[in-house]
Structures are given as structure tokens and as C-alpha cells.
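K.L.:
Please find the sequence and the predicted model below.
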Amino acid sequence: PVWHALAMIVPIYSYFRFHANFRVMNEMLAETRSNHRTHPLLAVATFLAASLLISIPVDSLRLTAMNLVAALAAISWTIYHGQSAMNAYWDVTADQPTTTRVKLWERLLIGAGAGLWIVFIGGAIASVEAG
């Protein structure tokens, strides 16, 4: 898992590794009775789109905010897509039903992540305003 995570920071190769991860999810799902499947190329395309949106230099505060929101939407969809596939796999392979209830510590972690995004977007806006 550590090497897979580190592969995500290697330019270009990260997209191939990302595709391979979604392809493996498809292979795992194909071995079960689940009808759920992932779309590896679409996942890579949204990951690439988010990367490009974040890296595009813009001088307008409005465009910067729009790029960040669009990138966040693309990343969120990709995470949702992969997590849905893994949940479908676990649902059909688990010996006992899994719980989908979000625990308190998970809610706190989500809140902290949302706070970091707000700080990140605020910092990006401030840097554009500073010129």
C-alpha cells in the first residue's frame, strides 16, 4: 500500500497506476455475483481533469474558485466511484453484513477534511488577490 500511495506522486506513471487500481476492482467484482462495475478510463479522465484544473494558472479570482470547485467535484466523484465499487465487493463477499453507519470519529475526520479544503481554497483565493 505504501508503494501504491507513493506512485501517485510520480508524474504520468500515477495515471497508469490509477487505471490499474480501478481495473483490479473490476476484476474483483467480476469474480463475484455483483453487477456493479467500475469505469477505469472515466476515473482516470476525471483524475486528469482535476489535475489540469488545479494546475491551470488564472488571474481571475472567479475562475480560480470555479476551477477549484470543478476539481473538487471531479475528485469527489472519482472517490465515490471507487468506494462504491469496493462497498459492492465487500457486500457480496463478507461473511456477515457490513454496516454503513458513519461513526463519530469518521464524522470528525470528514469535518477536519472539509475545514482543510476551506483553508486551501481561501489560501488560493488570497494568493490570486495578492497577485
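P.N.:
Looks like it arrived, so ask away.

K.L.:
if I look at A43, how far off is A7?
P.N.:
Separation of A43 from A7 (Cβ to Cβ, to the nearest Å): 15 Å. (Each C-beta comes from the backbone N, C-alpha and C, glycine too.)

K.L.:
Look at A126 and say how many residues are nearby.
P.N.:
Residue crowding around A126 was assessed by other Cβ atoms under 10 Å; the count is 10.

K.L.:
what's the helix or strand for it?
P.N.:
helix 104-130 (DSSP states H and E).

K.L.:
ok, A43 and A7, which is more surrounded?
P.N.:
Using other Cβ under 10 Å as the criterion, A43 and A7 rank with A43 on top: 23 against 15.

K.L.:
Between helix 104-130 and the one helix or strand the more buried one maps to, find me the angle.
P.N.:
For A43, the host element (DSSP H and E) is helix 40-55. Helix 40-55 runs at 50 degrees relative to helix 104-130, counting by axes from the mean of the first three to the mean of the last three Cα atoms, to 10 degrees.

K.L.:
List the buried residues for helix 40-55?
P.N.:
40, 43-44, 46-47, 49-51, 53 (16 or more other Cβ atoms under 10 Å).

K.L.:
For it, name the packing helices and strands.
P.N.:
Packing partners of helix 40-55 (3 or more Cβ pairs under 8 Å, 6 or more residues apart in numbering; DSSP states H and E): helix 13-30, helix 61-93.

K.L.:
Send me it as CSV with only the CA atoms.
P.N.:
This file holds the C-alpha atoms of helix 40-55, laid out as CSV (Å, rounded to 0.1, in the frame of the first residue of the first chain):
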residue,chain,number,x,y,z
PRO,A,40,-11.2,2.8,-15.2
LEU,A,41,-10.8,5.2,-18.2
LEU,A,42,-13.5,7.5,-16.9
ALA,A,43,-11.9,7.5,-13.4
VAL,A,44,-8.5,8.4,-15.0
ALA,A,45,-10.1,11.1,-17.1
THR,A,46,-11.7,12.7,-14.1
PHE,A,47,-8.4,12.4,-12.2
LEU,A,48,-6.6,14.0,-15.1
ALA,A,49,-9.2,16.8,-15.4
ALA,A,50,-8.9,17.6,-11.7
SER,A,51,-5.1,17.7,-12.0
LEU,A,52,-5.3,20.1,-15.0
LEU,A,53,-7.9,22.3,-13.4
ILE,A,54,-5.8,22.7,-10.3
SER,A,55,-2.6,23.5,-12.3
